[in-house]
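Build the 3D model from these lines:
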Amino acid sequence: MDPRHQARLRRDNLHMVGKLTLVAALMFGFGYALVPLYKHICEALGINVLSLSERQTANFGRGTADALNTQVDRSRTITVEFDANARGPWDFKPAQATLKVHPGELATVMYEFRNRQPRAMTAQAIPSYAPKQATAYFNKVECFCFNEYTLAPGESRQWPVAFVIDPKLPKDVTTITLSYTFFEVSGKNAAARPEPRS
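Next comes the predicted model:
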């Protein structure tokens, strides 16, 4: 091969490597900048109102965070009732039966689970709401629903449900019932099942 041609190929390859390195560096920089960029955009547009500023986080638990949240409608109180149904050998219940919240206020309730079987079991929970029209206004920030969980024999666990009721909830709705049905996932933990006796 002609030495000039080889030199040109080498030069072109080095040029291409330089371009790819620059693109990779720009992509890394863009990815790194996305978090603060996203934060500033959300703050400018007034979305993601549930995230707390550093000052609010430092004061959380002292009542300051709630006072600084201007999205809370303190003129209304909604009673949220918690219901738990277990299909199968589970102890499943909310830590409290009811909670009074203001629309826009972040609230949390714990649910308690216990596997009463002498074998590991995998299960999941499905939520439902009453009245049905409240579904669109009940925003869960953290929830155990729709995930599958495996509990060892006799194991107990607690999981939180953190939620916010949208202030646009119709005025005639004063009580919302959040109900969960917890059931075993079919076909899971088959190896842990005892062999049937003949």
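
State the distance from Pro160 to Pro131.
24 Å (Cβ to Cβ, to the nearest Å). Quick note: C-beta positions are derived from backbone N, CA and C, even for glycine.

Would you mind checking which helix or strand in this protein has the lowest mean pLDDT?
Every helix and strand of the chain was ranked by mean pLDDT, DSSP states H and E. The lowest is helix 54-59, at a mean of 40.

Tell me the buried residues in the one helix or strand Thr177 maps to?
Per DSSP states H and E, Thr177 falls inside strand 175-184. For strand 175-184, burial by neighbour count (16 or more other Cβ atoms under 10 Å) applies to 176, 178, 180-182, 184.

Note down every partner strand of that strand and its orientation.
The partner list of strand 175-184 in its sheet, established with DSSP bridges, is strand 78-87 (parallel), strand 121-130 (antiparallel).

Dump the ones you listed to TSV, plus distance to Val17 and mean neighbour count.
Below are those laid out as TSV (distance: least, Cβ to Cβ, whole Å; neighbours: other Cβ atoms under 10 Å):
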stretch	distance to Val17	mean neighbour count
strand 78-87	60	17
strand 121-130	50	17
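
And those strands: which comes nearest Cys145?
With Cβ to Cβ as the measure, strand 121-130 is the member of those nearest Cys145 (4.9 Å).

Give the other helices and strands that the helix or strand that the closest one is followed by contacts.
Sequence order places strand 138-142 as the next helix or strand after strand 121-130, per DSSP H and E. If you count contacts as 3 or more Cβ pairs under 8 Å, 6 or more residues apart in numbering; DSSP states H and E, strand 138-142 packs onto strand 156-165.

what residues are up against the residue nearest in space to the middle of the chain?
Centroid-nearest residue in the chain: Glu142, 3.6 Å away (criterion: Cα atoms, centre = their mean). With contacts taken as Cβ atoms under 8 Å, 6 or more residues apart in numbering, Glu142 has the following neighbours: 108, 160-162.

which of those are buried?
Val161.

now, which of the contacts of Glu142 sits nearest Ala86?
So of these, ranked by how close each gets to Ala86 (Cβ to Cβ), first place is Val161, at 16.1 Å.

Contacts only, for that closest one.
Residues near Val161 by Cβ under 8 Å, 6+ apart: 108-111, 140, 142-145, 178.

what's around Val173, how many residues?
15 (other Cβ atoms under 10 Å).

mind checking which helix or strand it is in?
Here Val173 is covered by no helix or strand, with elements defined by DSSP H and E.

Next one, pLDDT for it please.
Val173 is assigned 93 on the pLDDT scale.

the inter-axis angle of the strand holding Thr177 versus strand 138-142?
Using axes from the mean of the first three to the mean of the last three Cα atoms, to 10 degrees, the inter-axis angle of strand 175-184 relative to strand 138-142 is 50 degrees.
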